[in-house]
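Novice: with the sequence up front, the predicted model follows.
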Amino acid sequence: MSWDRYLALVGLGWLLPLGRILTGKDPAEQAKELWQLLGIPLLAVVLFIGLWGQVAARIDTSLGAMPGPAAVWNEARNLVVEHGAERAKEALFYARQDARNGERAAADPTAEVRVRQYTGRPTYFDQIGTSLKTVFTGFVLATLIAVPLGIVGGLSRGFNAALNPLIQIFKPVSPLAWLPIVTMVVSATYVSTDPMFEKAFLNSAITVMLCSLWPALINTALGVATIDKDLMNVSRVLQLGWFTTVRKIVLPSALPLIFTGMRLSLGVGWMVLIAAEMLAQNPGLGKFVWDEFQNGSSESLARILVAVFTIGLIGFLLDRLMLALQTAFTHSASR
Amino acid sequence: MKLKRHSIAVFLLMLAWLLGGTGAAEPLDLEKDELKLGFIKLTDMAPLAVAYELGFFEDEGLYVTLEPQANWKVLLDRVLTGELDGAHMLAGQPLGATIGFGTEAHVVTAFSMDLNGNAITVSNEVWEAMRSHVPLGADGKPVHPIKADSLKPVVDEYRAEGRPFNMAMVFPVSTHNYELRYWLAAGGIHPGFYSSTDISGQIDAEALLSVTPPPQMPATLEAGTIYGYCVGEPWNQQAVFKGIGVPVITDYEIWRNNPEKVFGVTAEWAEANPNTHVAVVKALIRAAMWLDADGDANRPAAVEILARPEYVGADEEVIANSMTGTFEYERGDERAVPDFNVFFRYYATYPYYSDAVWYLTQMRRWGQIPERKTDGWYHDVAKSVYLPDVYLEAARLLVEQGLASESDFPWDTDGFRPPQSEFIDAITFDGREPNAYLERFAIGLKGDARVVSNTISAN
């Protein structure tokens, strides 16, 4: 594969014409290309920011005017500062704990001394980390279920016919409908005195799984069902076993669509995660948005907008990541 | 900015406490030292935030994480599933859960978090209509407290036009629900009954009450979906700041020094962790004392803590308005209400049985308790939910450590406050005689009355 595809993949396609200009290749043609790839998108962003700044100032909410770009940028910086301040508090917390544990050990050498985790609030960056961890857990679970089911469904028309109504019914269900059910089931079945995972985390991850299952399942089944008949005949002629057929023939041929499905799944998962976290109280970005909404301070809307951009940006990066994986893995398969 | 100075004060305090080490007393033998406590973003969660930030929890050897919750239902459910060890609760929640109204579970409390702190706000449109019925003082300003008598003609007018008069409160067993009903009924406006089959609470209602989460109150009022609401701070002052509504009365004027939030845990938790429970209550008592110390001198510092995004998170100015002893009714009509938020004085933190009985009488009055109960039943429920022994044990330890004085606590009370008559309708409440108390109301269930298929029957 050529360089330009990789660059385009990571959103740096505009570097190519720039490089060509520098090496003196047909400047007029390349300048036009550069304008297409970089100039127009940049102009659109600038126009959007300008329009946003104008319109926002006119929308008066009960929490004050809609924040403009400057206010949002300011809050983004505040969140970074707060992250630093919280880390400093954390250091003090451990210092106090060490002193206290030291006293205890001095008073009673047999006393069991433990180090407790910091009890302060999670910062914005901690919350982003929690969200990513949750969405990947849900996504991996969904993939582990969807891909095998999809392969079986794609190979067997009967199985596919059985699966189809369930897919059609459950696919459009909103995470908000799943969450109460998941919460009750997890509460009833996940009983442990020293739980490895927080219930809120499990609730969110399982909800993400339930919603992101379907695109991967449908695309895998489709990918497998549309394999070139000749290939399947080859497997019959060679009398390959079922698993060998899947490994040698089905998977390589269906991989592009499996990845397309997984990519869609991750997108759906990321989208529903925010809603799930709001209700499940999983300390990620969704909870950040909900808490700020509850705060109702004059900075709250700006902080929520920071989260909106963060969510969008991370969603975009996740999509690109999946696309990169897809390109890398299916390169040899796409004949 | 003036208030920023207080953050420096708080920081110095924390530093002093870090260097000075902890209290020398023998720490309790804790069953559990890592706790997660829940709260709702309202100013009366202050004792939890203060106990955390000033290190009172750590002094007890407790490593506490405070976590805001989405709403009262989520908060209670998470306490019941054990995800939270305890939480800032509506006084009605442990009682409602224990008697099985809503989610059924045995929840207990050994610490009352505060007195007062709520108000009733009506929309500008309703206020305009009400205003001509409100008596004015010599200075041309409305005479407070404003009774619902002046709202009554407005409600009648809406009803005559066939427009339902909608109002909002925060939860079916919330203080706000009972206070709003009390105020309306005292002015002759029927707020509606609950029954065992209809839990909307709108049977026979002239004013229709429904649940809205606190932060959405101003927006819902602005949208015209409701004409008024009863909620805690900062959501009444918010309406004034935004010019969308007028607070007409504070709950201090509906019932002087009414009990508000409590610190609730499940009965199993309290049984399994007796020493931890005492340690938490100790830390909370110290926080409450700090909040009310030296004529509220620490309140500005408390406002700075509460305004942080991880706690209440509203603007400092809005929180300060009610936390520092004033209350703004109509814009510009700011009056002194020094006891709007009480955290410790008047024995505010002691879990009085009579407080529990009052909530139970209101649950009976509006049909959440569908049938007659004996006085003994009221007292038994109060005693199974309110745990003054745990409170007094914590108080005793604080006195021994020299952190509190003997006179700070009501050692000899039998758990019943003396009969109180400082209600807006001047009806006397004596916790010892709940049924006799119910008989005194013109509107409300009493005796053997029940709500059967949406009508009230006397047997």
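Specialist: Happy to help now that I have it.

Novice: all strands for chain B, in order.
Specialist: Along chain B, counting by DSSP state E, strands occupy B:34-39, B:63-68, B:86-90, B:107-112, B:118-123, B:165-169, B:207-211, B:228-232, B:245-250, B:261-266, B:326-328, B:334-336, B:450-452, B:455-457.

Novice: spell out which parts of chain A neighbour chain B.
Specialist: Neighbours of chain B within chain A, by C-beta under 8 Å from any C-beta of the partner chain: A:62, A:82, A:92, A:95-97, A:99-100, A:103, A:116-117, A:119-121, A:187, A:198-200, A:278-279, A:281, A:283, A:290-298, A:300, A:303. From N, CA and C alone the C-beta is placed, and that goes for glycine too.

Novice: run the last query once more with 7 Å
Specialist: Proximity of chain A to chain B (C-beta under 7 Å from any C-beta of the partner chain) is limited to residues A:62, A:92, A:96, A:100, A:116, A:119, A:121, A:187, A:199-200, A:279, A:281, A:290-298.

Novice: residues in contact with the residue of chain A found nearest chain B?
Specialist: Nearest residue of chain A to chain B: A:N295, at 2.8 Å (C-beta to the nearest C-beta). Neighbour list for A:N295: B:K41, B:P309, B:G313, B:A314 [criterion: C-beta atoms under 7 Å, 6 or more residues apart in numbering or on different chains].

Novice: intersect the residues you listed with the contacts of chain A.
Specialist: Within the contacts of A:N295, those near chain A by C-beta under 7 Å from any C-beta are B:K41, B:P309, B:G313, B:A314.

Novice: next secondary structure after the helix or strand hosting A:L213?
Specialist: Assessed by DSSP states H and E, A:L213 sits inside helix A:199-225. Following helix A:199-225 in sequence order, the next helix or strand is helix A:229-237 (DSSP H and E).

Novice: buried stuff in whatever helix or strand comes next after that next one?
Specialist: The helix or strand immediately downstream of helix A:229-237 is helix A:242-245, counting by DSSP H and E. For helix A:242-245, burial by neighbour count (16 or more other C-beta atoms under 10 Å in any protein chain shown) applies to A:T245.

Novice: output helix A:242-245 as PDB, restricted to C-alpha atoms.
Specialist: C-alpha atoms of helix A:242-245 as PDB (Å, rounded to 0.1, in the frame of the first residue of the first chain):
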ATOM      1  CA  TRP A 242     -15.100 -27.300   9.800                       C
ATOM      2  CA  PHE A 243     -12.500 -25.500  11.900                       C
ATOM      3  CA  THR A 244      -9.900 -25.500   9.200                       C
ATOM      4  CA  THR A 245     -12.400 -24.200   6.700                       C
END
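
Novice: ok now it, how far from the chain's centre?
Specialist: 33 Å (C-alpha atoms, centre = their mean, to the nearest Å).

Novice: what helices or strands is the helix or strand following it leaning on?
Specialist: Going down the chain from helix A:242-245, the next helix or strand is helix A:251-280, by DSSP H and E. Contacting helix A:251-280 under the criterion 3 or more C-beta pairs under 7 Å, 6 or more residues apart in numbering or on different chains; DSSP states H and E are the following elements: helix A:124-155, helix A:175-189, helix A:199-225, helix A:285-295, helix A:300-330.

Novice: report the angle between helix A:251-280 and helix A:124-155.
Specialist: Interaxial angle, helix A:251-280 versus helix A:124-155 (axes from the mean of the first three to the mean of the last three C-alpha atoms, to 10 degrees): 140 degrees.
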